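Colleague: model this:
(one chain, ligands or ions: 1)
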Amino acid sequence: MPTENALPQRLTPVLEARFGLDGGAMFGIIPQPLWSRTNPPDDNNRIDMACRCLLLEYPDRNVLIDTGIGTKWSDKERSIYKIDDQDPGMTDSLEARQLEPADIDDVILTHLHFDHVGGASRVDEQGDIVATFPDARHWVQDRNWSWAMNPSERDAGSYRKEDYSFFESNPDAPPLKLIDGISEILPGVEVLPLHGHTFGMQAVKITTDEHTFIYLADLIPTTSHLRAPYVMGYDLQPLETVEEKKEMLYHADRNDWILFFEHDPKQAFARLDFDDDTPRAVPVNPDEISAIG
Ligand SMILES: [Zn+2]
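Modeller: Got it, this is the predicted structure:
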């Protein structure tokens, strides 16, 4: 049976790490009494965040969307960002699917912020930074790559060049594939560029034999960010995010897309519903959808 045009057969959320970010920064202009009901802050005002990647299994290839926060962190940084990478982590999650990092054929990076690309590399026994997925093509929007190599002073803290500069500096690095705009990079996998959060981020639309899923990345990082004004303080163009979010939810509603939340502390998949005009996430029972692993 030919498999080259087959769609992804199985989608498995991979909880790479948990971490914490400032609740005020995560909710922009929204007052704390509103967001703290759903996302209670700790003593340092940090809210719980997941780094949730998505594994797509084809009959003949394995694809990973985003790589999480990774392991290249000092104790001080771990404490600032409350990084907990033990639960259950990338390696164990792949092992549960009988896979190793070398079995990943493609890594789609939504953008190069540290909590999305940090896990694409690690420090080896010699102290060198090497690719975690040595045989994978790594896909990123050309515009995000250019921005990440030269970010503004305001967002330079979100881009750690050690996370991605090895693609240029290390001759053994796996291939970096720069994408220009909307593209179907594999059967059933289409990337959609967005520029409100940062320049050249990409959401990923995944079509299986039965459903369409949308990996929202930082357009809508958690289920608490569905409403238009709930925009992160980190965003470079917040008004653009508002428009992109409304357009995304319009298409999701019309076409019954299943939403995937990368940073929600509890929920990976949800369906979109509305109370009057207010969007809300209805949890999806993974057992009801055969493609969810
Ligand atoms: Zn980001």
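Colleague: For T278, which non-adjacent residue is closest in space?
Modeller: Among residues not flanking T278 along the chain, R227 sits closest, at 6.3 Å (C-beta to C-beta, 6 or more residues apart in numbering). Heads up, the C-betas are built off the backbone N, CA and C, glycines and all.
Colleague: Check N5 too.
Modeller: N5's closest residue in space is P187 (C-beta to C-beta, 6+ apart), at 5.3 Å.
Colleague: just checking, what packs against the longest helix seen in the chain?
Modeller: When the chain is parsed with DSSP state H, its longest helix is helix 238-255. Helix 238-255 is packed against strand 212-215, strand 269-275, with contacts defined by 3 or more C-beta pairs under 8 Å, 6 or more residues apart in numbering; DSSP states H and E.
Colleague: ok, now with 10 Å
Modeller: Identification of packing neighbours for helix 238-255 by 3 or more C-beta pairs under 10 Å, 6 or more residues apart in numbering; DSSP states H and E yields strand 189-194, strand 201-207, strand 212-215, strand 258-260, strand 269-275, strand 278-283.
Colleague: Need the ones you listed in TSV (columns: mean neighbour count and distance to D124).
Modeller: Putting the helices and strands packed on helix 238-255 into TSV (neighbours: other C-beta atoms under 10 Å; distance: least, C-beta to C-beta, whole Å) gives the following:
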stretch	mean neighbour count	distance to D124
strand 189-194	22	30
strand 201-207	23	29
strand 212-215	22	29
strand 258-260	24	31
strand 269-275	15	35
strand 278-283	15	40
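Colleague: out of the ones you listed, nearest to the ion?
Modeller: Closest to the ion of the helices and strands packed on helix 238-255 is strand 201-207 (C-beta to the ion; 6.9 Å).
Colleague: How far does stretch 117-133 sit from its chain's centre?
Modeller: Here stretch 117-133 is found 19 Å from its chain centre; the criterion is C-alpha atoms, centre = their mean, to the nearest Å.
Colleague: what's the answer for stretch 265-279, then?
Modeller: Its chain's C-alpha centre and that of stretch 265-279 lie 18 Å apart, by C-alpha atoms, centre = their mean.
Colleague: cool, stretch 180-199 as well?
Modeller: Using C-alpha atoms, centre = their mean, the offset of stretch 180-199 from its chain centre is 13 Å.
Colleague: how much space between N255 and the ion?
Modeller: Going from N255 to the ion by C-beta to the ion, to the nearest Å gives 25 Å.
Colleague: what's the answer for I65, then?
Modeller: Counting by C-beta to the ion - I65 and the ion are separated by 14 Å.
Colleague: thinking again about what came up before, can I get the helices and strands packed on helix 238-255 in a markdown table including mean pLDDT and distance to P238?
Modeller: Shown next, in a markdown table, are the helices and strands packed on helix 238-255 (pLDDT from 0 to 100; distance: least, C-beta to C-beta, whole Å):
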| stretch | mean pLDDT | distance to P238 |
| --- | --- | --- |
| strand 189-194 | 98 | 13 |
| strand 201-207 | 98 | 14 |
| strand 212-215 | 98 | 21 |
| strand 258-260 | 98 | 21 |
| strand 269-275 | 96 | 22 |
| strand 278-283 | 96 | 18 |
